[in-house]
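S.K.: All I have is the shape, not the residue letters:
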């Protein structure tokens, strides 16, 4: 395999398009150009080519991942979904679509790196999410656990965080009810109010306890 062209990019003069056997392969940085001593006419073996591809794409995806996480905390699942979408969007721009690239390995290494530097932490994400819900949109544990699982948080982590942060689910139920219905009495025959509380994640037994204890005359 031979380098047939190294073309400086117009939008970023510190990056170059690398062509192998007259086919675009990947965009590379000036650092990679220097590190691998790349020039037109140079022969590359498969191992060196894969090293160049892997290093360049990993750095580009890592840079985007860091920007993505800087906007708001995300779960590992959400980050991997973002990277997968980015892989599809950048096909033909960042890399040749027929290039043999192990994207799964790239993404796994990025995830581990971000975890090591504390930019990616599913338990911390779950904690922030539940704290925000308790403050702004109170929910029962069942709904909160379900919401976290839907965002890719492991079920055991979701349950652990909810158990730690929600010591008194009964108190949250009361606040939820009074915020919506003020001082209106709760009758267990009132399906509208019962359904509302159940949708917020509170069990029938807890709702019944609330109705019996708060509204007995």
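M.R.: Received the coordinates, thanks. Keep in mind that this is a model prediction, so the values were computed, not measured. Residues are numbered from 1 along each chain as shown.
S.K.: what is the mean pLDDT for the helix or strand where residue 65 lies?
M.R.: Assigned by DSSP states H and E, residue 65 belongs to helix 46-71. Helix 46-71 carries an average pLDDT of 90.
S.K.: And for stretch 1-14?
M.R.: 88.
S.K.: can you check stretch 199-217 too?
M.R.: 77.
S.K.: does the residue nearest the centre of the chain sit in a helix, a strand or a coil?
M.R.: Residue closest to the mean C-alpha point of the chain, counted by C-alpha atoms, centre = their mean, is residue 78 at 2.5 Å. In the three-state summary, residue 78 is assigned as helix, counting by DSSP: H, G, I helix; E, B strand; the rest coil.
S.K.: didn't it look like it was pressed against residue 152?
M.R.: Yes - using C-beta atoms under 8 Å, residue 78 is in contact with residue 152, at 5.9 Å. Using the backbone N, CA and C atoms, a C-beta is placed for each residue, glycine as well.
S.K.: What residues sit buried inside the helix holding residue 65?
M.R.: For helix 46-71, the buried set under the neighbour-count rule, 16 or more other C-beta atoms under 10 Å, comprises 49, 52-62, 65, 69.
S.K.: what's the domain layout of this protein?
M.R.: Listed by automatic domain parsing, the domain ranges of the chain are 3-116, 122-214.
S.K.: for the longest one, how far is the first residue from the last?
M.R.: Pointing back at domain 3-116 there. Terminal residues of domain 3-116 lie 37 Å apart, using C-alpha to C-alpha, to the nearest Å.
S.K.: In contact with residue 209, which residues?
M.R.: Shown in contact with residue 209 (C-beta atoms under 8 Å, 6 or more residues apart in numbering): residue 170.
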